[in-house]
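Participant: Pasting the sequence and the predicted model now:
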Amino acid sequence: MKNILGIIAEYNPYHNGHRYQMEEAGIIAKADYVVALISGHFVQRGEPAIYDTYTRAEMALLSGADAVFEIPVPFSTSSAEDFASYGVALLSSLGIQNFSFGTENASVGELFKIAEILVNETDSFKSVLKEMLILGNTYPQARMSAVINELRHNGAGDIEITRAKELLSSPNNILGIEYMKAKYIFRTPIKAFAIPRRGSGYHDKEMNLSFASATGIRNHIFSSGNLRAIQNYVPDAVFDLMLEKGTVSADDITGIILRRVLNLIHDNVDLEEFSDVSADLARRIETSIKSMSSYEELVNLIKTKHYTYTRVSRALCHVLLGIKEKDMNYYKEGRIAPYARLIGFRRESAELLSQLKFTSSVPIISKMADASEILSDKPAALALLMEEAHAAEIYNSIYFDKYKIELPNLYTRQIVIV
């Protein structure tokens, strides 16, 4: 058996920091092959990916990945907990022995310690969490207070408490904690490797270092349209693809979201039915939808202390794509990762696919035309796959509106082979 490393990512877009992580993790894990799981056409921030799934898969394959599989849209646009759970579950189901993720500066042991507290919620943890929420704290703030209380109860000193606060304040570290929670809950033997990120932080918009964040790269592309300025921050092969492909931004979905919400209101459909939309959030969406001039303005009109920008954006995305709360519950009832959809692979890595077919406990789908037969006895899995097919159609329609170019749908598009 060859040693395989799995990486869960968005690659929105792929950049030098991603390549660094892939190379470092591959060396540490002594990996023969690297498998990437990437978000589909919409990402966790609740926005369309800057490039479509197949383009981002090709970026990864040209930069070191041997095969790329997809995280379907209900989980790629969900909470960090759901995103991480699906990724870890799928890697485990494929029989992959190792996985890696980026952190700010955290070790696996540190993240796992906090993950254990969050999984094994004690009565005192629940009590502090409830009290903090009643006092008006956001959920992340309340959760941090509950974790700190548990650590103090277990004898932690000031240095450890300060360190825990740092870990719970960084997006990459928080996602790392969710990966550790999933590993703990699933009792999977998969080994985890945390790789400290290089250069800019997760949300940094500045591009003054050798390693720029995906946020910084997207911000520069959308604000200036000057691709040449980001050339040094991405691999050469990735930059060549960028020159060929059109981008999609959150602003490109503003009009379609407006029409979608107005139609739902007209048809007396309760927005609360959709995933991540509470009754109060539904009211805020309905009262704000006609007052915005851009996507960012719309989200800022809706968001509050309790509803973060990302939470609101995810809610709007679920309304747009028709992903309802009952749908998410349905997808979580059975096996959380019931199939693996292959997006692309390297020709020289054919042996990898043969091994995955042997070790995988879930069907591997490479042709959408075969999906109905392969998943004929798994209705929830087939419904989950159809969610991604629908999301791809929506994305393609947005792309067509912008460029008057029709992208192939999932049934006609060939997997990427490099």
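Facilitator: Nice, I can see it.
Participant: in terms of contact, does residue 173 touch residue 106 like I think?
Facilitator: Yes: Residue 173 is within contact range of residue 106, at 4.9 Å (criterion: C-beta atoms under 8 Å). Bear in mind the C-beta positions are built from the backbone N, C-alpha and C, glycine included.
Participant: what do these two both touch?
Facilitator: residue 167 (C-beta atoms under 8 Å, 6 or more residues apart in numbering).
Participant: Can you tell me the element the residue of the chain most remote from its centre falls in?
Facilitator: In the chain, the residue that sits farthest from the middle, by C-alpha atoms, centre = their mean, is residue 155; the gap is 35.1 Å. Under the criterion DSSP states H and E, no helix or strand holds residue 155.
Participant: And the pLDDT for it?
Facilitator: Looking at residue 155, its pLDDT reads 94.
Participant: ok, now residue 386?
Facilitator: We have a pLDDT of 97 for residue 386.
Participant: Please point out which parts of stretch 11-28 sit buried.
Facilitator: Across stretch 11-28, burial judged by 16 or more other C-beta atoms under 10 Å covers 11-22, 24-26.
Participant: Tell me, how many residues neighbour residue 121?
Facilitator: For residue 121, the count of nearby residues is 12 (other C-beta atoms under 10 Å).
Participant: quick one, phi psi at the closest residue in space to residue 169 that isn't next to it in sequence?
Facilitator: Leaving aside its sequence neighbours, residue 169 sits nearest to residue 144 (C-beta to C-beta, 6 or more residues apart in numbering; 7.8 Å). For residue 144, the backbone dihedrals (degrees, to the nearest 10) come out as phi -60, psi -40.
Participant: same deal with residue 62?
Facilitator: phi -80, psi -10.
Participant: Kindly provide the distance from the residue nearest to residue 401 when sequence neighbours are not counted to residue 230.
Facilitator: Residue nearest to residue 401 in three dimensions, not counting chain neighbours: residue 252, with 7.5 Å by C-beta to C-beta, 6+ apart. Distance of residue 252 to residue 230, given as C-beta to C-beta, to the nearest Å: 19 Å.
Participant: quick one, which of those two is more surrounded?
Facilitator: Each of residue 252 and residue 230 has its neighbours counted (other C-beta under 10 Å); residue 230 has more, 21 against 18.
Participant: Tell me the pLDDT of that one.
Facilitator: On the pLDDT scale, residue 230 is placed at 94.
Participant: where does this structure dip in pLDDT?
Facilitator: Across the chain, the ranges flagged by pLDDT under 70 are 199-210.
Participant: that older thread, what's near enough to touch the residue nearest to residue 401?
Facilitator: Contacts of residue 252 by C-beta under 8 Å, 6+ apart are 48, 398, 401, 402.
Participant: Could you rerun that using 10 Å?
Facilitator: For residue 252, the contacting residues are 47, 48, 222, 295, 395, 398, 399, 401, 402, by C-beta atoms under 10 Å, 6 or more residues apart in numbering.
Participant: And the strands in the stretch 151-300 of the chain?
Facilitator: Assigned by DSSP state E, counting those that start in this stretch, the stretch 151-300 of the chain shows strands spanning 191-196.
Participant: Of the contacts of residue 252, which count as buried by neighbour count?
Facilitator: In the contacts of residue 252, burial by neighbour count holds for 47, 48, 295, 395, 398, 399, counting by 16+ other C-beta under 10 Å.
Participant: Among these, which are located in helices?
Facilitator: Using DSSP state H, 295, 395, 398, 399 are the members of those that sit in helices.
Participant: need the helices for the stretch 301-418 of the chain, in chain order.
Facilitator: 309-321, 325-333, 350-359, 371-374, 379-403 (DSSP state H, counting those that start in this stretch).
Participant: which of the ones you listed is buried the deepest?
Facilitator: helix 309-321 (a mean of 23; mean count of other C-beta atoms under 10 Å).
Participant: tell me the angle of that one relative to helix 325-333?
Facilitator: 100 degrees (axes from the mean of the first three to the mean of the last three C-alpha atoms, to 10 degrees).
Participant: Helix 309-321 - contacts with which helices or strands?
Facilitator: In terms of contacts (3 or more C-beta pairs under 10 Å, 6 or more residues apart in numbering; DSSP states H and E), helix 309-321 is packed against helix 73-76, helix 254-266, helix 279-288, helix 295-302, helix 325-333, helix 379-403.
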